[in-house]
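Peer 1: sequence first, then the predicted structure, then my questions.
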2 protein chains.
Amino acid sequence: MTHMATRIAAAQLPITMADPVANLEAAAAAVASAAASGARLVILPELSDSGYVFTGETEARSLATPASGRTLTRWRELAAAHQLVIAGGFCELGDDGRLYNSAAVVAEGGTLAVYRKAHLWDAEKLVFTPGDAPPAVVDLPFGRVGLMICYDLEFPEWTRLAALAGADLIAAPVNWPAAPRPAHERPPEVVKAQAAAAANGVFVAVADRCRTERGVGWISGSVIVGPGGFPLAGPVLADHPALLTADCDLPRARDKTLNANNDLLADRRPELYGGLSPVQT
Amino acid sequence: MTHMATRIAAAQLPITMADPVANLEAAAAAVASAAASGARLVILPELSDSGYVFTGETEARSLATPASGRTLTRWRELAAAHQLVIAGGFCELGDDGRLYNSAAVVAEGGTLAVYRKAHLWDAEKLVFTPGDAPPAVVDLPFGRVGLMICYDLEFPEWTRLAALAGADLIAAPVNWPAAPRPAHERPPEVVKAQAAAAANGVFVAVADRCRTERGVGWISGSVIVGPGGFPLAGPVLADHPALLTADCDLPRARDKTLNANNDLLADRRPELYGGLSPVQT
């Protein structure tokens, strides 16, 4: 099936706080590199246009753009110029006037999905409104791409929902803050990404960032994981820009068979899982 | 809080197929070693009395005992003699005449819980009836112990249910069959155990087995993981007997706070998780 593989790229980028013009240029350079490598899908980090460590809601609002605005317009131009698809995070000003930590899938024809982060991390709760829609899943010519953002990926319910909705690959723009860990251990965020891939038989591609921002450092853990749970590229785990690529036969993820008697999703016992969500009446 | 820590032991054992007397003796020796090390809870592998690679239902039936039978009676004697609690797997003949791949928590006062594996692996489906109850959670003086078996642990729904039911530690008797993996990578089963611990803020203690049985080899991946997702002992990943121990302050797992704004379980969005289980009517 090698002939069906699609090159996927995850761009680990430095982001300049509060300088969207510079950030869009950096993203454009990364997209060009990904295209040169033959990638058909490139993933950019969370809030890749604005930066992350806002002084507060006012600053975030000054950097936010609507889905029809500067950031996704530029991505559309890039997608058209390079004949690929971009999945990345941006600071969204909603039509309702609220701010969302969002991600979009953008192709030459336009924006295919906008997803709003449903599980907000720390001070994001003071700035953003959480999304209330399930993970986006976009049907592309080379496979079905699910979209979620950073802390979302740490909720096994969320990755499972994406898999049940048919995602072959989960694309995750992230800004993973650094935290202490034992020597020779991967960060739990990376371990959870691997487990999400293995538990659901999907590819997972994470684009993290690098370079300290207003005193916050990052894991810089960009990684592309195969449906068996093993990394295909990365994790980088080093504070520098990186462009990861891996050749992924995305529709292969639709076969959840493990052996003659087991299937990752069919083996679920949903009739016993009622305690995970409120009883519907 | 070090003074509150409880020593937990996971016994990686060879098991002799179809020789329950020998297996109960091996378990007794492991329990004695665990007690000598100061453990108050010792975990034994899945199907620790019977062996795993049955020729079929007839052989499994010939090795099965009721919860009132030989295996749990012996464990109760051991628990009393050593003043500790045993959580291990056994081949159960149900009151209904069916066979179950079960685990029990046994103390000097008797059997505190019998749990029947709900997610069956491969040829187990030809022998055992799947359980239809959620993971057992037993309230012990030193903390609350959840119980599940092998493949169960790979369903994030199941580990989440145990955590939501209040488990501080998930005890998992397993028989993890060996499979190829890239050099320097942990088996996905271990990665999923780590992710389950980190995603739920619980301890996870896995007792695997060693020594090839009827041509089947094992990961021998016994491990005790802390609520941050990092191993406290193991994974062994070597085909020999081992007694892992770790000092675990189990009630510490009840604090799910990550920072001023985040809590592992409170951050869930159950109102959005309806797709994980059938709509209740």
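Peer 2: Done, it's in. Residues are numbered from 1 along each chain as shown, chains lettered A, B, ... in the order given.
Peer 1: thought residue A:86 was touching residue A:40, still the case?
Peer 2: No: if you go by CB atoms under 8 Å, residue A:40 and residue A:86 don't touch, sitting 10.6 Å apart. No exception for glycine: its C-beta is placed from N, CA and C like everyone else's.
Peer 1: which residues of the stretch 101-250 of chain A lie near chain B?
Peer 2: A:118-123, A:125-126, A:130, A:132-134, A:151, A:154-157, A:159-161, A:164-165, A:181-182, A:185, A:188, A:191-192, A:194-196, A:198-199, A:228-231 (CB under 8 Å from any CB of the partner chain).
Peer 1: of those, which belong to helices?
Peer 2: Using DSSP state H, the subset of these located in helices is A:156-157, A:159-161, A:164, A:188, A:191-192, A:194-196, A:198-199.
Peer 1: returning to what we had before: neighbour-wise, which of residue A:40 and residue A:86 wins?
Peer 2: Between residue A:40 and residue A:86, counting by other CB atoms under 10 Å in any protein chain shown, residue A:86 is the more crowded of the two (28 against 19).
Peer 1: so what's the more buried one up against?
Peer 2: A:31, A:41, A:42, A:43, A:44, A:75, A:78, A:79, A:104, A:105, A:106, A:107 (CB atoms under 8 Å, 6 or more residues apart in numbering or on different chains).
Peer 1: for the one helix or strand it maps to, the averaged confidence score.
Peer 2: Here residue A:86 sits within strand A:85-93, counting by DSSP states H and E. For strand A:85-93, the mean per-residue pLDDT is 98.
Peer 1: just checking, what packs against the helix or strand following that strand?
Peer 2: Sequence-wise, the next helix or strand downstream of strand A:85-93 (DSSP H and E) is strand A:99-107. Counting contacts by 3 or more CB pairs under 8 Å, 6 or more residues apart in numbering or on different chains; DSSP states H and E, strand A:99-107 is packed against helix A:57-63, helix A:70-82, strand A:85-93, strand A:110-116, strand A:136-140, strand A:143-147, strand A:169-173.
Peer 1: gap between the two ends of stretch A:247-260?
Peer 2: 28 Å (CA to CA, to the nearest Å).
Peer 1: tell me the buried residues in stretch A:123-142?
Peer 2: Using 16 or more other CB atoms under 10 Å in any protein chain shown as the test for burial, stretch A:123-142 gives A:124, A:127-131, A:134-138, A:140, A:142.
Peer 1: you'd agree residue A:15 is up against residue A:44?
Peer 2: No: the criterion here is CB under 8 Å, and residue A:15 misses it with residue A:44 at 9.5 Å.
Peer 1: what about these two, which has more around it?
Peer 2: residue A:44 (31 against 27).
Peer 1: now the more buried one. Nearest residue, chain neighbours left out?
Peer 2: Excluding its sequence neighbours, the residue lying closest to residue A:44 (CB to CB, 6 or more residues apart in numbering or on different chains) is residue A:88, at 3.0 Å.
Peer 1: follow-up on the earlier one: farthest pair within the ones in helices among the residues of the stretch 101-250 of chain A next to chain B?
Peer 2: A:164 and A:188 (23.9 Å; CB to CB).
Peer 1: where are the low-confidence patches of the stretch 1-150 of chain A?
Peer 2: By pLDDT under 70, the low-scoring segments of the stretch 1-150 of chain A are A:1-3.
Peer 1: how about 50 then?
Peer 2: A:1-2 (pLDDT under 50).
Peer 1: closest one of the ones in helices among the residues of the stretch 101-250 of chain A next to chain B to residue A:214?
Peer 2: Distance to residue A:214, by CB to CB, is smallest for residue A:188 among these, at 23.7 Å.
Peer 1: does residue A:106 touch residue A:77 like I think?
Peer 2: No: when contacts are counted by CB under 8 Å, residue A:106 is not listed as touching residue A:77 (9.6 Å).
Peer 1: neighbour count winner among the two?
Peer 2: Neighbours per residue (other CB under 10 Å) separate residue A:106 from residue A:77, with residue A:106 holding more: 27 against 13.
Peer 1: and stretch A:50-67, which residues are buried?
Peer 2: Buried residues in stretch A:50-67, counted by 16+ other CB under 10 Å: A:50, A:51, A:52, A:53, A:54, A:59, A:60, A:63, A:64, A:65, A:67.
Peer 1: quick check, nearest of those to residue A:213?
Peer 2: Nearest member of the buried residues of stretch A:50-67 to residue A:213, counting by CB to CB, is residue A:53, at 5.1 Å.
Peer 1: do you know how far the closest one is from chain B?
Peer 2: 14 Å (CB to the nearest CB, to the nearest Å).
Peer 1: nearest spatial neighbour of that residue, skipping sequence neighbours?
Peer 2: Excluding the flanking residues, the one nearest residue A:53 by CB to CB, 6+ apart is residue A:214, at 4.0 Å.
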